[in-house]
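>>> show me the folded form of this:
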Amino acid sequence: MRRTLNLWLAGILLLTVIAFLGVFQPMTFSPRKDPSDMQSYLRPIGSQYKGPKDPPGEFTSIGVGDSKLRIFFYKPQHNLRLGLDLRGGMRVVVQIPNRAILTYPLTKKIVGNAEVLNKQEALITALDEEGVLPPSAKPQVTVTESQAQVVTLVENQDVATAQFKSVNAAMDEVFGAGTYTKPTATAIYQPSNETVQESVRSILEKRLNATGLTEVTAYNQSTNRVVLEIPGVKDPDRVYEILGQPGQMEFRLIPRDITVYVDDESNPRVVTAFNTTTNAPVDAKLVVARSEFVLPGSAMDGKSKPTMHENAWAVSFAMKSQQDRAIFARYTGQNVGAQLAIVLDGEIFSAPTIQNQIDGSGVITGSRDEREAQNLAIFLNAGALPVPVSIVENRTVSATLGADSVDLSMKAGLIGLLAVLIFMFAYYRLPGLMANFSLIIYVALTLAVLKFFDATLTLPGIAGLIISIGMAVDANIIIFERLKEELRAKKPLETAIDVAFARAWTAILDSNMASLITGTVLYMLGTGAVKGFAITLMIGVAVSMFTAITVTRLFLKLMVRSHTGHNLAWYGL
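Just a heads-up that it's a prediction; the model follows:
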């Protein structure tokens with residue numbers, strides 16, 4: 001029996017040490033980098049050396065002059081993931097629009113690619129005249145030999161129905177009434193769904209991670225919103241640039257009868273186009289419609305990066321499949337001397353002239369500076385958004401406010417923990433002392449579980465952790481009161497302990513299950529702050545059931561085997 005108890009004790013202590021090392025940064029010996037001082041000092045793993053006079057950590061000096069003895073004090077540094085309210089940063093909510101997808105099968109096929117481009121160009125002009133959407137919304141218009149399709153962004157079914165009438169009028173103007181089949185008015189409305197929402201969340205998270213921002217938390221809200229919590233943001237404008245742009249890129253071949261000039265020095269870019277023969281101006285908005293599609297940006301291998309090319313910033317690229325490389329080589333080889341437009345979100349980003357056949361890798365020129373080149377590389381690597389999104393909410397929390405919140409929360413938690421420890425020992429004596437040891441182990445294990453699951457610790461989460469400390473003590477109080485009753489009934493000490501734990505278990509299980517159910521409901525239905533509270537509450541309750549029943553019982557069993565453990569005065573009687 002004693003051997004079994006000792007093994008349990010060794011296991012729990014080992015688990016506690018592992019939990020402590022997992023949550024707090026351990027120490028390592030590292031020499032100073034000053035050549036004149038190769039003495040090794042203890043430093044937290046991951047801490048940065050700042051110079052020869054950089055002290056290794058918290059220390060105090062004893063003595064006079066150079067003979068002072070420096071004593072190092074270990075100050076643990078946690079590496080838990082902290083929420084915005086504790087660390088500072090940005091909280092951005094992006095909204096995914098609903099769409100109206102109008103597909104019109106043509107009763108008579110269009111003959112020839114030139115005629116297809118002419119019809120598409122005419123439909124874009126007609127839609128603009130009908131005022132289907134403001135210019136910033138840029139409806140997607142696609143015309144093939146057998147059908148025409150218009151995709152617009154709408155707020156609800158009523159707006160989709162109104163636009164349906166305008167698109168029908170534009171179709172009549174371009175193709176003529178009776179030459180196409182109209183879609184059903186009720187079927188054109190396509191609200192945002194979970195598939196699109198998850199795609200947007202994943203792409204936005206990849207973009208932010210690519211900028212060097214770490215520990216980004218992204219989660220879905222409702223069915224048409226994505227919430228992004230971004231700690232440690234130093235350049236909010238850069239975040240808006242990365243999140244707000246769809247990043248849809250295409251390679252398109254500009255017709256030889258059109259010459260395009262892109263002024264990348266101006267902001268925004270100025271694109272001008274002229275007829276090569278007559279030198280007459282051509283509407284730049286229609287150049288993309290008349291250009292021939294070559295490959296999408298998704299054909300690239302996702303390893304693009306900014307680079308210097310002929311003393312200007314550019315972005316390197318390479319096609320990821322042999323088929324795409326062959327297509328790119330064929331188009332560039334057959335069209336030497338023509339312009340290959342790089343189209344980003346419907347706008348011509350640059351239009352270099354093809355000098356020779358490109359076998360599948362090259363550079364995209366036209367970036368004004370390094371930042372723009374980095375953004376373009378991020379768009380290419382993370383992928384394009386399936387739909388344009390809009391930022392509907394943004395909030396910034398200062399790092400100073402976050403640090404103050406951490407300090408105040410830690411003080412509140414330590415004061416509460418100290419008060420509980422004093423009360424338990426003063427009222428329950430020896431069992432209370434054992435419960436105090438269990439409570440310290442409980443705190444270490446709870447933080448370790450949070451770290452293991454990479455949960456984000458928020459200010460409400462700290463409140464949940466502090467509440468769960470009180471709940472952990474509640475279980476011990478039920479057990480100890482039952483233990484007093486058994487001891488007053490003159491039962492042997494070991495028997496009284498077993499009976500107290502056995503009879504208190506039902507009440508402890510019921511109360512903790514009720515708390516877990518409450519926490520589950522809060523997590524499923526709550527938002528970010530409420531979820532943070534629910535997570536720490538549920539983890540705390542689960543761990544407290546282990547420490548209150550197993551750890552405290554083990555400590556009491558071990559104490560019973562000592563002389564002090566048989567003194568009933570130490571049990572509050």
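>>> quick one, strands of the stretch 451-573 of the chain?
Assigned strands in the stretch 451-573 of the chain, in chain order: 456-457 (criterion: DSSP state E, counting those that start in this stretch).
>>> surely residue 532 is in contact with residue 463?
No. Assessed by Cβ atoms under 8 Å, residue 532 is found out of contact with residue 463, at 9.0 Å. Glycine gets a C-beta too; all of them are placed from N, C-alpha and C.
>>> and this protein, what are its domains?
95-190, 249-365, 398-570 (the TED database).
>>> got the ones you listed as CSV, with mean pLDDT columns?
Listed next are the domains of the chain as CSV, based on pLDDT from 0 to 100:
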stretch, mean pLDDT
domain 95-190, 81
domain 249-365, 86
domain 398-570, 84
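>>> those: which one's closest to residue 211?
Residue 211 sits nearest to domain 249-365 of all the domains of the chain, at 12.3 Å, using Cβ to Cβ.
>>> chain center to that closest one, what's the gap?
Distance of domain 249-365 from the chain centroid (Cα atoms, centre = their mean, to the nearest Å) equals 33 Å.
>>> start and end of it, how far apart?
14 Å (Cα to Cα, to the nearest Å).
>>> same question, stretch 545-564
27 Å.
>>> list the buried residues in it.
545, 547-549, 551-560 (16 or more other Cβ atoms under 10 Å).
>>> contacts for it?
2, 5, 8-9, 12, 430-431, 434-435, 437-439, 441-442, 445, 472, 475-476, 479, 493-494, 497, 501, 505, 508-509, 512, 565-566, 570 (Cβ atoms under 8 Å, 6 or more residues apart in numbering).
>>> what helices or strands is the helix or strand residue 152 falls within leaning on?
Per DSSP states H and E, residue 152 falls inside strand 147-154. Packing partners of strand 147-154 (3 or more Cβ pairs under 8 Å, 6 or more residues apart in numbering; DSSP states H and E): strand 98-105, helix 113-130, strand 140-143, helix 157-175.
>>> picking up where we left off before, now the domains of the chain in JSON lines, with distance to residue 16?
Shown next, in JSON lines, are these (distance: least, Cβ to Cβ, whole Å):
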{"stretch": "domain 95-190", "distance to residue 16": "46"}
{"stretch": "domain 249-365", "distance to residue 16": "44"}
{"stretch": "domain 398-570", "distance to residue 16": "5"}
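>>> please name whichever of these is nearest to residue 225.
Using Cβ to Cβ, the domains of the chain put domain 95-190 closest to residue 225, at 5.4 Å.
>>> what's the offset of the closest one from the middle of its chain?
Using Cα atoms, centre = their mean, the offset of domain 95-190 from its chain centre is 36 Å.
>>> quick one: end-to-end distance for it.
15 Å.
>>> could you pull out the helices for the stretch 351-500 of the chain?
Assigned by DSSP state H, counting those that start in this stretch, the stretch 351-500 of the chain shows helices spanning 370-382, 399-452, 459-488, 493-525.
>>> dump these to TSV, plus distance to residue 19 and mean neighbour count.
As requested, those are exported to TSV (distance: least, Cβ to Cβ, whole Å; neighbours: other Cβ atoms under 10 Å):
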stretch	distance to residue 19	mean neighbour count
helix 370-382	36	21
helix 399-452	3	18
helix 459-488	14	20
helix 493-525	21	16
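>>> could you dump the ones you listed into JSON lines with distance to residue 291 added?
What follows is the helices of the stretch 351-500 of the chain, written out as JSON lines (distance: least, Cβ to Cβ, whole Å):
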{"stretch": "helix 370-382", "distance to residue 291": "19"}
{"stretch": "helix 399-452", "distance to residue 291": "48"}
{"stretch": "helix 459-488", "distance to residue 291": "53"}
{"stretch": "helix 493-525", "distance to residue 291": "49"}
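>>> need phi/psi at the residue lying farthest from the centre of the chain.
Computed with Cα atoms, centre = their mean, the residue of the chain farthest from its C-alpha average is residue 490, at 59.7 Å. The phi/psi pair for residue 490 (degrees, to the nearest 10) reads phi 70, psi 30.
>>> how about the contacts made by it?
Taking Cβ under 8 Å, 6+ apart, one finds nothing in contact with residue 490.
>>> that one and residue 480, how far apart?
18 Å (Cβ to Cβ, to the nearest Å).
>>> if I've got this straight, residue 273 is in a helix?
No. According to DSSP: H, G, I helix; E, B strand; the rest coil, residue 273 belongs to no helix; its state is strand.
>>> that one: how many residues sit nearby?
23 (other Cβ atoms under 10 Å).
>>> isn't residue 536 right up against residue 464?
Yes. Under the criterion of Cβ under 8 Å, residue 536 makes contact with residue 464 at 3.7 Å.
>>> nearest to residue 204, out of the domains of the chain?
Nearest to residue 204, of the domains of the chain and by Cβ to Cβ, is domain 95-190 at 10.6 Å.
>>> tell me the spacing between residue 567 and residue 429.
9 Å.
>>> no no, residue 287
Counting by Cβ to Cβ - residue 287 and residue 429 are separated by 87 Å.
>>> same question for residue 343.
From residue 343 to residue 429 the distance is 78 Å (Cβ to Cβ).
>>> just the residues contacting stretch 507-515, thanks.
Residues contacting stretch 507-515 (Cβ under 8 Å, 6+ apart): 471, 474-475, 478-479, 537-538, 541-542, 544-545, 548-549.
>>> for residue 319, state which of these is nearest.
Nearest to residue 319 among those, counting by Cβ to Cβ, is residue 538 at 48.1 Å.
>>> look up the closest residue to that closest one, ignoring the ones flanking it.
Closest residue in space to residue 538, ignoring its immediate chain neighbours: residue 519 at 3.9 Å, by Cβ to Cβ, 6 or more residues apart in numbering.
>>> was I right to think that neighbour contacts residue 530?
No. Residue 519 lies out of contact with residue 530 (Cβ under 8 Å); the separation is 10.3 Å.
>>> I'd say residue 527 and residue 222 touch.
No. Here residue 527 lies out of contact with residue 222, judged by Cβ under 8 Å, at a distance of 10.2 Å.
>>> so what's residue 466 up against?
By Cβ under 8 Å, 6+ apart, the neighbours of residue 466 are 412-413, 416.
>>> check contacts around the nearest residue to residue 384 once chain neighbours are set aside.
Nearest non-adjacent residue to residue 384, counting by Cβ to Cβ, 6+ apart: residue 248, 4.1 Å away. By Cβ under 8 Å, 6+ apart, the contact list for residue 248 reads 297, 344-346, 384-385.
>>> and residue 248, backbone torsions?
phi -80, psi 110.
>>> per-residue pLDDT, it?
Per-residue confidence (pLDDT) for residue 248: 83.
>>> now do it against residue 349, distance only.
Where residue 349 is concerned, residue 248 sits at a distance of 11 Å (Cβ to Cβ).
>>> ok, the nearest residue to residue 420 once chain neighbours are set aside to residue 467 distance?
In this structure, residue 420 finds its nearest non-sequential neighbour in residue 473, 5.6 Å apart by Cβ to Cβ, 6+ apart. Distance, residue 473 to residue 467, using Cβ to Cβ: 11 Å.
>>> and for residue 370?
Counting by Cβ to Cβ, the gap from residue 370 to residue 467 is 49 Å.
>>> only alpha carbons, please: show stretch 115-134 as PDB.
Output of stretch 115-134 as PDB, limited to C-alpha atoms (Å, rounded to 0.1, in the frame of the first residue of the first chain):
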ATOM      1  CA  GLU A 115     -17.500  38.400 -81.100                       C
ATOM      2  CA  VAL A 116     -17.500  36.900 -77.600                       C
ATOM      3  CA  LEU A 117     -15.200  39.700 -76.400                       C
ATOM      4  CA  ASN A 118     -17.400  42.300 -78.200                       C
ATOM      5  CA  LYS A 119     -20.500  41.000 -76.500                       C
ATOM      6  CA  GLN A 120     -18.800  40.900 -73.100                       C
ATOM      7  CA  GLU A 121     -17.600  44.500 -73.600                       C
ATOM      8  CA  ALA A 122     -21.000  45.700 -74.600                       C
ATOM      9  CA  LEU A 123     -22.700  43.900 -71.600                       C
ATOM     10  CA  ILE A 124     -20.300  45.600 -69.200                       C
ATOM     11  CA  THR A 125     -21.100  49.000 -70.700                       C
ATOM     12  CA  ALA A 126     -24.900  48.300 -70.600                       C
ATOM     13  CA  LEU A 127     -24.700  47.200 -66.900                       C
ATOM     14  CA  ASP A 128     -22.800  50.400 -66.100                       C
ATOM     15  CA  GLU A 129     -25.500  52.500 -67.800                       C
ATOM     16  CA  GLU A 130     -28.300  50.600 -66.000                       C
ATOM     17  CA  GLY A 131     -26.600  51.400 -62.700                       C
ATOM     18  CA  VAL A 132     -26.600  47.800 -61.500                       C
ATOM     19  CA  LEU A 133     -23.800  48.500 -59.000                       C
ATOM     20  CA  PRO A 134     -21.600  51.400 -58.100                       C
END
